[in-house]
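[1] From the sequence below, what's the structure:
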Amino acid sequence: MIKVGIVGVRGMSVVTAMKAMPNDVKINAICDLSSDALENMKKQIGDEELKCYRVYEDMLEEADIDAVVISTPMQCHVPQAILALQAGKHVMCEVTAAVTMDELWWLIENVEKSGKIYMYAENYCYMPEVQLVRQMVKKGYFGEIYYGEGEYTHDCTCIRNWNNKPGWRSYWQMGTRGSFYPTHSLGPVMQCFDDDRIVSVASFSPGNHNPYGLRNDDLTQTLCQLESGKLVKIRVDTISPRPHNMTYYQIQGTKGCYEAPRGLGDVAKVAVATEENPDGYSTWRPLSDFNDLLPERFKSGAGDNAGHGGGDYYIVADFIEAIKTGKQPELNVYKAAEWTSVALLSQLSVTNNGRIMEVPNFRAGMKWEEKRIKL
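    Model prediction:
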């Protein structure tokens, strides 16, 4: 039995997933600064014996837990992850992993020293549609992938804090510049490039035209050059007046392409060349034509009641499996650092007229002299 503590009210997104696990996961403790939030969480979890804490350190010290799910504002992620790791707890942390480059080094060093599991909770990677496209990539339907796109367009200007005042997003997200929240767009696309990594980023914006008094640009476009020379483009936009579309992706290969829906009745679609139809790349087909390729566990319906299209269930399942086996998950601390660094380096790029910023090669046992920003 894996016993879990959740810090932050946003952790409710994984509660349904954990309750659906086959009797090998139990939520033993929850923590939040708000007493009302704690009471609401306890009611939804439905366990009268659940321990509630308002002080995070108290939960780590007193609660009977093996692992912590960190679902607090992003500026709390690294300090809370380090405290958990030093207390001997496994960690699953919401995005983004950190808010400074130095925090990424601290996080990596503590994960390596602790020997505990660290999982980056990039649940968009686990959405069934994303998994189906990834399977098609693995089976060669698109040929060699050389370009990918991701967009996160989500008008957040109306989001307020619990007391109807500007919250942490107004400062740590829309109070800064660059692609501050890139990994929902980046993660699913990067998974189509196998073990390729991002070696440099350059970010551009049209400036600030919004009436909200926010420091963030109206949108940011970031170009990511991969080690192979291939290219990924991401758009982060939480201000522009437009309908939400947080899961737009595009993949282009030598034999065809994939595009996510754009809205107004659009559907996920592919155009691929096959032996039977060499010109198939010139005609769209619904992605659903290839549903048989979806990995078996995503067909089981186990995650049907979990959030993000069931993605929350499968990411929790992989976290629990990693704890059981002692093997770091695919979305490990190095992936978390690489994808998060795009946000942090894009701030420097966009404020310096699209300057190309080198991305460190995040990996085990990095040398001290590599842990820096190169200009």
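
[2] what residue ranges in the stretch 51-200 of the chain score low on pLDDT?
    159-165 (pLDDT under 70).

[3] Now do stretch 6-25: everything it contacts.
    1-2, 4, 27, 29-32, 34, 37, 40-41, 44-45, 56, 59, 68-73, 76, 80, 92, 94, 121, 123, 302-303, 305-308, 312-313, 315-317, 320 (Cβ atoms under 8 Å, 6 or more residues apart in numbering). For glycine as for every other residue, the C-beta is placed from the backbone atoms N, C-alpha and C.

[4] what's near enough to touch the residue lying closest to L348 once chain neighbours are set aside?
    Spatial nearest neighbour of L348, chain neighbours left out: M357 (5.7 Å); criterion: Cβ to Cβ, 6 or more residues apart in numbering. Contact analysis of M357 by Cβ under 8 Å, 6+ apart lists 200-202, 345-346, 348-349, 373-375.

[5] Of the residues you listed, select the buried ones using a ChimeraX command.
    Applying 16 or more other Cβ atoms under 10 Å to these, the buried members can be selected in ChimeraX as follows:
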select :200,201,202,345,346,348,349
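
[6] In helices only, show me the contacts of M357.
    345-346, 348-349 (DSSP state H).

[7] I'd like to know how far the residue nearest to L348 sits from D195.
    Separation of M357 from D195 (Cβ to Cβ, to the nearest Å) stands at 22 Å.

[8] buried subset of the contacts of stretch 6-25?
    2, 4, 27, 29-32, 37, 41, 45, 56, 59, 68-73, 76, 80, 92, 94, 121, 123, 302-303, 306-308, 312-313, 315-317, 320.

[9] What about those, which are in helices?
    Of the buried ones among the contacts of stretch 6-25, the ones assigned to helices by DSSP H are 37, 41, 45, 56, 59, 80, 312-313, 315-317, 320.

[10] Out of the residues you listed, flag the one nearest to Q191.
    I315 (12.8 Å; Cβ to Cβ).

[11] wait, isn't the closest one in contact with Y126?
    Yes: counting by Cβ atoms under 8 Å, I315 touches Y126, with 4.8 Å between them.

[12] Show me which positions of stretch 123-143 end up buried.
    Those would be 123-137, 141-143, for stretch 123-143 by 16+ other Cβ under 10 Å.

[13] Could I get the full set of strands for the stretch 201-350 of the chain?
    220-226, 231-237, 245-253, 256-259, 269-272, 285-286 (DSSP state E, counting those that start in this stretch).

[14] Kindly reformat the ones you listed as a markdown table and extend each row with mean neighbour count.
    Shown next, in a markdown table, are those (neighbours: other Cβ atoms under 10 Å):
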| stretch | mean neighbour count |
| --- | --- |
| strand 220-226 | 22 |
| strand 231-237 | 22 |
| strand 245-253 | 19 |
| strand 256-259 | 21 |
| strand 269-272 | 20 |
| strand 285-286 | 12 |
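
[15] Can I get the ones you listed in CSV including mean pLDDT and distance to H154?
    Below are these laid out as CSV (pLDDT from 0 to 100; distance: least, Cβ to Cβ, whole Å):
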stretch, mean pLDDT, distance to H154
strand 220-226, 98, 13
strand 231-237, 97, 8
strand 245-253, 97, 5
strand 256-259, 98, 19
strand 269-272, 98, 22
strand 285-286, 98, 25
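
[16] Read off the pLDDT value for V15.
    If you check V15, the pLDDT there is 87.

[17] circling back to that earlier point, kindly present the strands of the stretch 201-350 of the chain as CSV, with separate columns for distance to L293.
    Below are those laid out as CSV (distance: least, Cβ to Cβ, whole Å):
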stretch, distance to L293
strand 220-226, 25
strand 231-237, 23
strand 245-253, 15
strand 256-259, 12
strand 269-272, 11
strand 285-286, 13
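
[18] My guess is R285 contacts A268. True?
    No: if you go by Cβ under 8 Å, R285 and A268 don't touch, sitting 10.2 Å apart.

[19] number of nearby residues for the residue lying closest to C125 once chain neighbours are set aside?
    Leaving aside its sequence neighbours, C125 sits nearest to G187 (Cβ to Cβ, 6+ apart; 4.6 Å). For G187, the neighbour count with other Cβ atoms under 10 Å is 22.

[20] just the one 5 residues further on next, same as before
    As a burial measure, C192 scores 21 neighbours (other Cβ under 10 Å).

[21] Show me which of the ones in helices among the buried ones among the contacts of stretch 6-25 is closest to G213.
    Using Cβ to Cβ, those come closest to G213 at A37, 27.9 Å.

[22] Next one: that closest one from L85, what distance?
    25 Å.

[23] And for Q131?
    In this view, Q131 and L85 are 29 Å apart by Cβ to Cβ.

[24] repeat for H77
    H77 sits 12 Å away from L85 when distances are taken as Cβ to Cβ.

[25] swap in Y120?
    According to Cβ to Cβ, Y120 stands 14 Å off from L85.

[26] show me the contacts for the closest residue in space to L219 that isn't next to it in sequence.
    In space, not counting the residues next to it along the chain, L219 is nearest to D237; the distance is 3.8 Å by Cβ to Cβ, 6+ apart. For D237, the contact set (Cβ under 8 Å, 6+ apart) comprises 151-154, 218-220.

[27] Tell me which residue lies nearest the centroid of the protein.
    E122 (2.6 Å; Cα atoms, centre = their mean).

[28] quick one: that residue from I45, how far?
    According to Cβ to Cβ, E122 and I45 sit 24 Å apart.

[29] Likewise for G309?
    G309 is 22 Å from I45, by Cβ to Cβ.

[30] the helices in the stretch 51-200 of the chain, which residues?
    In chain order, the stretch 51-200 of the chain shows helices spanning 56-62, 77-86, 101-114, 128-138, 169-172, 183-190, with DSSP state H, counting those that start in this stretch as the criterion.

[31] Switch those helices over to TSV; also include distance to F298.
    Shown next, in TSV, are the helices of the stretch 51-200 of the chain (distance: least, Cβ to Cβ, whole Å):
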stretch	distance to F298
helix 56-62	33
helix 77-86	28
helix 101-114	28
helix 128-138	5
helix 169-172	31
helix 183-190	14
